[in-house]
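In: mind looking at a prediction? Sequence and model below.
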Amino acid sequence: MPYFDAASSAPPHPVARQALLAALDEGWGDPARLYREGRRARLLLDAARQTAADAVGCRPDELVFTASGTRAVHQGIAGALAGRRRVGRGLVVSAVEHSSVLHAATAHTVAGGTVTEVGVDRTGRVAPTAYADALRGSAEPVALACLQSANHEVGTEQPVADVAEVCRAAGVPLLVDAAQSLGWGRVEGGWSLLTASAHKWGGPAGVGLLVVRKGVRFAPQGPVDERESGRSAGFENIPAIVAAAASLRAVRAEAESEALRLRGLVDRIRTRVPELVPDVEVVGDPTRRLPHLVTFSCLYVDGESLLHGLDRAEFAVSSGSSCTSSTLTPSHVLRAMGVLSEGNVRVSLPVGTTEADVELFLELLPGIVSAVRAKLGAPTGRESASVRGPRADGA
């Protein structure tokens, strides 16, 4: 069954499996203890932290491991806002952030803070000038700004370095959600905080990264203990952390060649789908995007029916919002972009996807869409075109 939903969770990388099994035997001890088993666990944890820091481009003592990418986002936003509470209670986010960022923003509002949303263009990209305007126009002095490195739903890459410079000039730290992009490369620019999630690059679920640069005011919120520099409470899952770091290093070693190959396959989907299926809109930036991800929206199609049709054809894709696809809620990302927000399909190719898999998808998709439209009583592409076009009498 071709799996085309790597943006939700990438298949486990073989290196992750090998590292996890090895670390289960060696890394079960308490890394805070001084006896042999504790020292062995500490060595594994320190090595994993160094590997992850090298991939991110930060100091090892700036990086902590969390229980998930979502937990990293919430801890990062809450800690940065608390650390800069004397500055103000303003928070700036883009309108297309992942749900974890938006949920954290809602919690901040409930607690009495203010949130300013920055809009995007039809490709899903923010303008650095819009962030500058938001920083100046916030109802309260801004304590923190957030921006994803690349969109989870449409793959559009954001101008992080330019926005980070705008934030630096305003004296505001920038938190970057790098969950979708970190497996493909470092996030450039002068960002202040960064979060990521291991299962997005083929590591195990249940491991997130939170990076807080030196000099950024940060006050951990919620449960606190002495582990992970006091920024992520609870006993470290060392085998999973080791597997996450090892798989990140492995996918980054393959990233350049695999990105080139997958970009070619995605370009084929972007070009062929509108040719094969009437009334389809391919969304997202055509060039400044992640190499493995493409989203298109089909008019006259129910997203749930399309998802089930593709599943029966043994293709695993996502439909609806990337963070709420189980409920098939209309996507807040697509709405913010001003594009068709229903009947959408997100294809995200995992490492190793073959040309044959993509060709089979392109071969089967038109019939599946046509069947869903017929079941719903929707017009065919030819009928819909004639309805929209000029009448024969010229009226």
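Out: Looks like it arrived, so ask away. Residues are numbered from 1 along each chain as shown.
In: quick one, strands of the stretch 151-300 of the chain?
Out: Assigned by DSSP state E, counting those that start in this stretch, the stretch 151-300 of the chain shows strands spanning 174-177, 193-197, 208-212, 280-283, 293-298.
In: reformat those as TSV; add distance to Gln148 and mean pLDDT.
Out: For every residue, glycine as well, the C-beta is placed using N, CA and C. Compiled in TSV, these are given as follows (distance: least, Cβ to Cβ, whole Å; pLDDT from 0 to 100):
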stretch	distance to Gln148	mean pLDDT
strand 174-177	4	98
strand 193-197	10	98
strand 208-212	15	98
strand 280-283	16	95
strand 293-298	13	95
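In: a markdown table for these, including mean neighbour count and distance to Ala378?
Out: Output for the strands of the stretch 151-300 of the chain, formatted as a markdown table (neighbours: other Cβ atoms under 10 Å; distance: least, Cβ to Cβ, whole Å):
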| stretch | mean neighbour count | distance to Ala378 |
| --- | --- | --- |
| strand 174-177 | 29 | 36 |
| strand 193-197 | 29 | 37 |
| strand 208-212 | 27 | 42 |
| strand 280-283 | 20 | 13 |
| strand 293-298 | 25 | 10 |
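In: any idea which of these gets closest to Gly29?
Out: Nearest to Gly29, of all the strands of the stretch 151-300 of the chain, is strand 208-212, at 22.4 Å by Cβ to Cβ.
In: how far does that closest one sit from the chain's center?
Out: A distance of 14 Å separates the C-alpha centroid of strand 208-212 from that of its chain, computed with Cα atoms, centre = their mean, to the nearest Å.
In: what about Val277, how many neighbours?
Out: Here the number of neighbours of Val277 (other Cβ atoms under 10 Å) works out to 21.
In: hmm, I was thinking of Thr287
Out: Neighbours of Thr287 (other Cβ under 10 Å): 10.
In: next one: phi and psi at it?
Out: phi -120, psi -50 (degrees, to the nearest 10).
In: mind giving me the domain ranges of this structure?
Out: Split into domains by automatic domain parsing, the chain comes to 14-250, 255-382.
In: ok, which of these comes nearest Pro2?
Out: Nearest to Pro2 among the domains of the chain is domain 255-382 (4.3 Å), distances taken as Cβ to Cβ.
In: before we move on, the earlier item: mind putting the domains of the chain into a markdown table with distance to Asp5?
Out: As requested, those are exported to a markdown table (distance: least, Cβ to Cβ, whole Å):
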| stretch | distance to Asp5 |
| --- | --- |
| domain 14-250 | 11 |
| domain 255-382 | 5 |
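In: which parts of the stretch 251-395 of the chain are helices?
Out: Applying DSSP state H, counting those that start in this stretch to the stretch 251-395 of the chain gives helices spanning 303-312, 332-337, 355-375, 381-388.
In: okay, buried residues for the shortest one please.
Out: Just to be clear, that refers to helix 332-337. His332, Val333, Leu334, Ala336, Met337 (16 or more other Cβ atoms under 10 Å).
In: give me phi/psi at Ser147?
Out: One correction, residue 147 is Leu, not Ser. Note on Leu147: backbone dihedrals following degrees, to the nearest 10 are phi -160, psi 130.
In: what bridges to it?
Out: Val176 (DSSP bridges).
In: quick check, it in contact with Tyr131.
Out: Yes - under the criterion of Cβ atoms under 8 Å, Leu147 makes contact with Tyr131 at 7.5 Å.
In: overlap of the contact sets of the two?
Out: Jointly contacting Leu147 and Tyr131 under the rule Cβ atoms under 8 Å, 6 or more residues apart in numbering are Val163.
In: return the per-residue confidence for the spatially closest residue to Glu314 that is not a sequence neighbour.
Out: Leaving out its chain neighbours, the residue that sits closest to Glu314 by Cβ to Cβ, 6 or more residues apart in numbering is Met1, at 4.2 Å. Listed pLDDT for Met1 reads 78.
In: if we can go back for a sec, which one of the buried residues of helix 332-337 is nearest to Ala240?
Out: Once Cβ to Cβ is applied, the member of those that ends up nearest Ala240 is Val333, at 29.4 Å.
In: measure that closest one to Val273 for me?
Out: Distance of Val333 to Val273, computed by Cβ to Cβ, to the nearest Å: 19 Å.
In: what's the answer for Ser138, then?
Out: Ser138 sits 41 Å away from Val273, going by Cβ to Cβ.
In: do the same with Cys58
Out: Taken as Cβ to Cβ, the span from Cys58 to Val273 is 39 Å.
In: beta-bridge partners for Leu63, please?
Out: Taking DSSP bridges as the rule, Leu63 bridges to Val211.
In: and it, how many neighbours?
Out: For Leu63, using other Cβ under 10 Å, the count is 23.
In: ok, it - contacts?
Out: Counted by Cβ under 8 Å, 6+ apart, Leu63 has contacts Arg49, Ala52, Ala53, Val56, Leu209, Leu210, Val211.
In: which one of those residues is nearest Ser318?
Out: Leu209 (23.3 Å).
In: follow-up on the earlier one: Serialize the strands of the stretch 151-300 of the chain to TSV and add fields for distance to Asp225.
Out: Shown next, in TSV, are the strands of the stretch 151-300 of the chain (distance: least, Cβ to Cβ, whole Å):
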stretch	distance to Asp225
strand 174-177	23
strand 193-197	20
strand 208-212	15
strand 280-283	44
strand 293-298	38
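In: indicate which one of those is closest to Asn237.
Out: Once the strands of the stretch 151-300 of the chain are compared by Cβ to Cβ, strand 208-212 is nearest, at 10.9 Å.
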